[in-house]
Every structure is written in structure tokens, then in C-alpha cells.
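>>> I'll drop the sequence and a predicted model, then ask my questions.
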Amino acid sequence: MTWTKKDPFASGEIKVTTDIHAFINPNFGVDLFGFGYEGGVAFLAPQFLGEVALRADTNGGICDNDPAATIGLDVELAYGYSAFAYVGQDYQNTNWQADLFPPKSFVFYDQCFPIKNKNA
């Protein structure tokens with residue numbers, strides 16, 4: 001049996017996401033004993049999605065454009081739409097939800113900015 005020494009490693013991520021959208025929301029509601037529920041159809045369009053992530057890994061490979069990057073800031077922006085039927089408190093707090101057609105999003109900006117790499 002042979003033992004191979006491995007260097008210690010660590011990885012982590014801090015991520016912030018956002019979803020900004022306009023919506024069309026025909027619905028009906030019922031209020032029983034102070035509990036309000038509604039059912040309806042929600043069409044969210046245009047939907048702008050954003051994600052910013054600070055990533056770190058001592059082994060590198062954080063950014064595709066710099067494989068030696070051990071720390072990088074990854075930014076992704078997209079737009080899209082979704083449509084679904086629902087029952088719940090409102091279209092954002094649903095007890096039941098079914099897509100009317102598959103949600104779509106299209107990435108229009110995806111860039112990783114290396115902050116530190118193994119060679120520096």
C-alpha cells in the first residue's frame with residue numbers, strides 16, 4: 001500500500017440573483033375566514049434575470065477564460081418568459097403550479113472576471 005500526499009484545498013461561492021419582470025395575471029380569488037387564496041394564469045414577460053457570483057477554489061478552474069484562476073467574479077444576464085396556471089396566495093406564493101409551456105431564458109451576457117490565479 002502506498003500513500004500519496006495531497007495538498008489541502010478549499011472552495012466556496014457567494015451568489016446574488018435577481019428576477020425583474022412585468023406580468024399579466026388574470027385571476028379569481030376566495031377569502032374564507034381571513035385566509036385568501038386565488039387561482040389564475042400568470043404570464044411573466046419580459047423577465048430579466050441576473051446572477052453575480054464570487055467563486056473561489058484553490059485548485060483553480062474558476063473561469064473558463066483563465067483556467068488558472070483561483071478567485072473570480074462570474075456575471076450572467078438573461079431575458080426570457082414563463083407562463084403558468086396556479087392556485088395559492090398569489091402568483092409568487094403558490095400551493096400548486098403547472099407550466100402552460102416550458103419557461104425560456106436566453107443568456108445575452110456571460111463573463112467571468114479572474115481576480116487571482118495560481119501563477120500570481
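Alright, I've got the coordinates. Note that the structure is predicted; figures quoted are calculated from it, not measured.
>>> Only C-alpha atoms from now on, for both contacts and neighbour counts.
Fine.
>>> Return the helix or strand in this structure with minimum mean pLDDT.
Among the helices and strands of the chain, strand 27-32 carries the lowest confidence by mean pLDDT, DSSP states H and E, at a mean of 66.
>>> which is the next helix or strand following the helix or strand where Glu38 lies?
Using DSSP states H and E, Glu38 sits within strand 35-57. The first helix or strand that comes after strand 35-57 along the chain, using DSSP H and E, is strand 69-90.
>>> center of this protein - which residue?
Thr17 (5.6 Å; CA atoms, centre = their mean).
>>> Let me see the contact set for the closest residue to Phe23 other than its chain neighbours.
Nearest non-adjacent residue to Phe23, counting by CA to CA, 6 or more residues apart in numbering: Leu44, 4.4 Å away. Contact analysis of Leu44 by CA atoms under 8 Å, 6 or more residues apart in numbering lists 21-24, 81-83.
>>> before we move on, what about Pro103?
80-83.
>>> and if you look at Ile20?
Taking CA under 8 Å, 6+ apart as the test, what Ile20 contacts is 47-49.
>>> Please convert those residues to a markdown table, extending it with pLDDT, neighbour count and distance to Gly12.
Listed next are the contacts of Ile20 as a markdown table, based on pLDDT from 0 to 100; neighbours: other CA atoms under 10 Å; distance: CA to CA, whole Å:
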| residue | pLDDT | neighbour count | distance to Gly12 |
| --- | --- | --- | --- |
| Gln47 | 89 | 18 | 29 |
| Phe48 | 93 | 19 | 26 |
| Leu49 | 91 | 18 | 22 |
